[in-house]
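Asker: build me a structure from this.
(one chain, ligands or ions: 1)
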Amino acid sequence: MSHAFALPRPHVQGLPAVRTFRAFNRDPLAALDHAKATWGDRARFAVAGEHTVLLSDPEDIAEVLVTRAADFRKDVGTRRLQLIVGPGLLTLEGDTWRQRRKLAAPSLKRAHIASYADVMVRHTEEAALDLLAHPEGRDLHAVLMGVTLRIVVECLLGTNLPTDVRVVEHAMADSVAGFAGWQQSWRRFLPGWVPTAPRRRMRRGAEALDAVIRAVIAQRRQDATGNDLLSRLMVAQDEAGLGLDDEALRGEVATMFLAGHETTALALLFALHLLSRHPAERARAEAEIQAAAGDGPLGLDHVRQLPFTAAVITEAMRLYPPAWAVGREALTDLEDLRCGPVRKGTQLIVSPWLVHRDARWHAEPLRFVPQRWIDQPVRERPRFTYLPFGGGPRVCIGNHFAEMEAVLVLATLLRRVRLDVPQAHVLQLRPSITLRPTGAVPVRVTANHRPD
Ligand code: HEM
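Answerer: Got it, this is the predicted structure:
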């Protein structure tokens, strides 16, 4: 194919590109930091014929995610998530995506999700009791994954599950671990039919998840009067009177499980880890929660009265964005982009990790300072200098849900239990689909409630 324009020379290509590819697989965060420090805001790579541009200038990012969104589709890595959840909002494109987004968006608006606040608090209260009953040897990451999964399962599917929620928990864990084990190794280059162990694990998890979701859909077709998200999605219709068929519903529910539970669990994990290292901030959050709710039950109305607790979450997601990379692929040759020309098929990777840790946008970027969000809220900052939920038409559809959930879960935990991560524990991260810790995060649990 001949091209009418010349491409900028990649910063890394040929043999050194193999080294870079290996470095990205070994330690993606260090490789990201290195790429930005060495080649700047528009680092270009050509690995095995695949062109990638790593973007960390907020205006370049705004162009790709918003102004020129129609010139891109999701990147190749995101598209592969279809292997776990099938087609759904996260991976669909074009008219099908637009129709789905329109149908699903009202159900996730602030007004509609308000009724889920009690579900969020109840599951957290149960988790706090369980932590107090079994304080030894707990892994905070696993505890939080359990809480956010139970919350998303009840908000999506209601309480009347045909199976134990642990079946869903294992199915999700199998599909995500299998996917990561397959994608982040040499196995990725094998043809799809080769039955490697991670691929088998992924399929086992995806099939188990599907079976539960299909059973709930069949059950609900008999009676779709619930207040859960599935019931709402079932009755949603566009102007032409078209709704979602069972296959579409299955895809959306699976997608929301995947997109909506680990990300929130990680935001909470990082917040609690940071608070356990910053006692003054923890005391301030605890005092704020006590002033807002006293010893009474915590609920939706308190969320607005907890600006510092919310700032802790915002700051935790700045330092450790659960969605550490957001990718797009150029649909055609594009000559006139701010970041320079790119050819059709080029992968453009936006990394919240890099932007959030950039001293041009965040003073003393490596310090944990929740107060910065009170002094200058997100809406008063230059756009795309803070983007934990992405941006533009494909911005996270669950962002209000996640923000409400994170504040309510954090506040409930802080008033019930004191969670201390031993000083000797170093948080090591291994980005996969999300930014996760490499191993268990040990925690010491003590009671934190005031005597009645
Ligand atoms: C702290 C928690 C969360 C974080 C950090 C997060 C992050 C993100 C990001 C960065 C994207 C955009 C990806 C892209 O542009 O390629 C996204 C999309 C999405 N998220 Fe979230 N998310 C969170 C919670 C949730 C929750 C709770 C749900 C569902 C209840 C959810 C459902 C989705 C869906 C369906 C999409 C695809 C939207 C579309 O393309 O139309 N997320 N999320």
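Asker: the closest residue to the ligand within the chain and residue 270, how far apart?
Answerer: In the chain, the residue that lies nearest the ligand is residue 398 (2.2 Å; CB to the nearest ligand atom). From N, CA and C alone the C-beta is placed, and that goes for glycine too. Counting by CB to CB, to the nearest Å, the gap from residue 398 to residue 270 is 18 Å.
Asker: so if I had to pick from these two, which one is more boxed in?
Answerer: Neighbour tally, residue 398 and residue 270, criterion other CB atoms under 10 Å: the higher count belongs to residue 270, 26 against 22.
Asker: so the more buried one is in which element?
Answerer: Secondary structure assignment for residue 270, by DSSP states H and E: helix 246-277.
Asker: spatially central residue in this protein, please.
Answerer: In the chain, the centroid-proximal residue (CA atoms, centre = their mean) is residue 263; its distance is 3.4 Å.
Asker: the stretch 251-400 of the chain: helices as residue ranges?
Answerer: For the stretch 251-400 of the chain, the helices defined by DSSP state H, counting those that start in this stretch occupy 279-293, 300-303, 307-319, 352-356, 371-375, 399-416.
Asker: ok, now which ones touch the closest residue to residue 88 other than its chain neighbours?
Answerer: The shortest distance from residue 88 to any non-neighbouring residue, by CB to CB, 6 or more residues apart in numbering, is to residue 255 (3.1 Å). For residue 255, the contact set (CB atoms under 8 Å, 6 or more residues apart in numbering) comprises 85, 88-91.
Asker: would TSV of those with pLDDT be doable?
Answerer: As requested, the contacts of residue 255 are exported to TSV (pLDDT from 0 to 100):
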residue	pLDDT
85	87
88	94
89	96
90	94
91	94
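Asker: then the helix or strand bottoming out on mean pLDDT in the chain to CSV, C-alphas only?
Answerer: The helix or strand of the chain with the lowest confidence, counting by mean pLDDT, DSSP states H and E, is helix 15-26 at a mean of 76. Written as CSV, here are the backbone C-alpha positions of helix 15-26 (Å, rounded to 0.1, in the frame of the first residue of the first chain):
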residue,chain,number,x,y,z
LEU,A,15,15.9,-5.5,17.3
PRO,A,16,15.7,-3.1,20.2
ALA,A,17,11.9,-3.3,19.9
VAL,A,18,12.1,-7.0,21.0
ARG,A,19,13.9,-5.8,24.1
THR,A,20,11.2,-3.1,24.7
PHE,A,21,8.4,-5.7,24.2
ARG,A,22,10.0,-7.9,26.8
ALA,A,23,10.5,-5.0,29.2
PHE,A,24,6.8,-4.2,28.8
ASN,A,25,5.8,-7.7,29.6
ARG,A,26,8.2,-8.0,32.5
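Asker: right, and the helix or strand after it?
Answerer: Using DSSP H and E, the helix or strand that directly follows helix 15-26 along the chain is helix 28-39.
Asker: how about the host helix or strand of residue 174 as PDB, C-alpha atoms only?
Answerer: Using DSSP H and E, residue 174 sits within helix 165-183. This file holds the C-alpha atoms of helix 165-183, laid out as PDB (Å, rounded to 0.1, in the frame of the first residue of the first chain):
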ATOM      1  CA  VAL A 165     -22.500 -16.100  44.800                       C
ATOM      2  CA  ARG A 166     -19.200 -17.900  45.300                       C
ATOM      3  CA  VAL A 167     -19.800 -19.700  42.000                       C
ATOM      4  CA  VAL A 168     -19.800 -16.300  40.300                       C
ATOM      5  CA  GLU A 169     -16.700 -15.300  42.300                       C
ATOM      6  CA  HIS A 170     -14.800 -18.300  41.100                       C
ATOM      7  CA  ALA A 171     -16.000 -18.000  37.600                       C
ATOM      8  CA  MET A 172     -14.800 -14.300  37.400                       C
ATOM      9  CA  ALA A 173     -11.500 -15.200  39.000                       C
ATOM     10  CA  ASP A 174     -10.900 -18.100  36.600                       C
ATOM     11  CA  SER A 175     -11.700 -16.100  33.500                       C
ATOM     12  CA  VAL A 176      -9.600 -13.100  34.400                       C
ATOM     13  CA  ALA A 177      -6.600 -15.100  35.600                       C
ATOM     14  CA  GLY A 178      -6.800 -17.400  32.600                       C
ATOM     15  CA  PHE A 179      -7.000 -14.500  30.200                       C
ATOM     16  CA  ALA A 180      -4.000 -12.700  31.800                       C
ATOM     17  CA  GLY A 181      -1.900 -15.900  31.900                       C
ATOM     18  CA  TRP A 182      -2.600 -16.400  28.200                       C
ATOM     19  CA  GLN A 183      -2.200 -12.900  27.000                       C
END
